[in-house]
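I'll drop the sequence and a predicted model, then ask my questions.
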Amino acid sequence: MSRKGTLYNTVQRRAIDQVLKLATSDNKKSILAAAAIAEKMTPAHRKRELNWVVDQIKEETPVLQIVRHVVRDLSPACREKVIQNLILTALLQTSSTREAFTERTGAHTPLIILISPTMRCNLTCEGCYAAEYPPDADMSPELLQSIVDQANDIGI
């Protein structure tokens, strides 16, 4: 790696450390300050996603509650991994695999997928997909593995 690349990685790592420090605060101002730093490092084609999250936090939608839950309720190690993997890596480190998939198919590649391998929910919330399935409707391990493999293949 060139000296320029090494310097860039060092600066980026320090900025990410600062984002982690600010983002782990329960204070809305600190969370927004972390987002402002992350925004400066976010590639242009990912700024829309970050700006959407920032707008949701500013408007105090449930997104802010989710951020606060991550900050308050997760263990420090888990919290850092959530912030690192789901936010910083997905937004900052552009995946050539995701870009190639988007270019090849014209479809936007999501940053993350959520999988519910079981439908074991004893609630019947209106509008929730889980209420439409019997509680024993589990996804087969083979199907779950296939979904994970396909997601990896397209850079998710």
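Arrived safely, thanks for sending. Since the model is a prediction, treat every value here as computed from it, not as a measurement.

residues contacting the residue nearest the centre of the chain?
The residue lying closest to the centre of the chain (C-alpha atoms, centre = their mean) is residue 86, at 2.9 Å. For residue 86, the contact set (C-beta atoms under 8 Å, 6 or more residues apart in numbering) comprises 111, 112. In short, each C-beta sits where N, CA and C put it, glycine included.

what pLDDT does the model give it?
At residue 86, the pLDDT value in this model is 71.

give me the domain ranges for this protein.
1-94, 106-156 (automatic domain parsing).

nearest to residue 100, out of these?
Ranking the domains of the chain by their distance to residue 100 (criterion: C-beta to C-beta) puts domain 106-156 first, at 7.8 Å.

let me know the average pLDDT across that closest one.
82.

what's the end-to-end length of it?
This stretch, domain 106-156, spans 16 Å end to end (C-alpha to C-alpha, to the nearest Å).

for stretch 134-141, same thing?
Stretch 134-141: ends 18 Å apart by C-alpha to C-alpha.

in that stretch, which residues are buried?
Within stretch 134-141, no residue is scored as buried using 16 or more other C-beta atoms under 10 Å.

then stretch 112-125?
Buried residues in stretch 112-125 (16+ other C-beta under 10 Å): residue 119.

stretch 13-32 too?
Buried, per 16+ other C-beta under 10 Å, within stretch 13-32: 15, 16, 19, 20, 22, 23, 24, 31.

contacting residues around it?
33-35, 37-38, 40-41, 54, 57-58, 60, 64, 67-68, 71-72, 76, 79-80, 83-84, 87-88, 92.

which among these count as buried?
33-35, 37-38, 41, 54, 57, 64, 67-68, 71, 79, 83, 87-88, 92.

could you give the mean pLDDT of the longest helix anywhere in the chain?
The longest helix of the chain (DSSP state H) is helix 3-23. What helix 3-23 shows for mean pLDDT is 74.

only C-alpha atoms, please: export that helix in PDB.
Only the C-alpha atoms of helix 3-23 are listed here, as PDB (Å, rounded to 0.1, in the frame of the first residue of the first chain):
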ATOM      1  CA  ARG A   3       2.100   6.000   1.800                       C
ATOM      2  CA  LYS A   4      -0.900   8.100   0.700                       C
ATOM      3  CA  GLY A   5      -3.200   5.100   1.100                       C
ATOM      4  CA  THR A   6      -1.800   4.300   4.500                       C
ATOM      5  CA  LEU A   7      -2.200   7.900   5.600                       C
ATOM      6  CA  TYR A   8      -5.800   7.900   4.200                       C
ATOM      7  CA  ASN A   9      -6.600   4.700   6.100                       C
ATOM      8  CA  THR A  10      -5.100   6.100   9.300                       C
ATOM      9  CA  VAL A  11      -7.100   9.400   9.100                       C
ATOM     10  CA  GLN A  12     -10.300   7.500   8.200                       C
ATOM     11  CA  ARG A  13      -9.800   5.100  11.200                       C
ATOM     12  CA  ARG A  14      -9.400   8.100  13.600                       C
ATOM     13  CA  ALA A  15     -12.500   9.700  12.200                       C
ATOM     14  CA  ILE A  16     -14.400   6.500  12.500                       C
ATOM     15  CA  ASP A  17     -13.200   6.200  16.100                       C
ATOM     16  CA  GLN A  18     -14.500   9.700  16.700                       C
ATOM     17  CA  VAL A  19     -17.800   8.800  15.100                       C
ATOM     18  CA  LEU A  20     -18.100   5.800  17.400                       C
ATOM     19  CA  LYS A  21     -17.400   7.900  20.400                       C
ATOM     20  CA  LEU A  22     -20.000  10.400  19.500                       C
ATOM     21  CA  ALA A  23     -22.600   7.900  18.300                       C
END
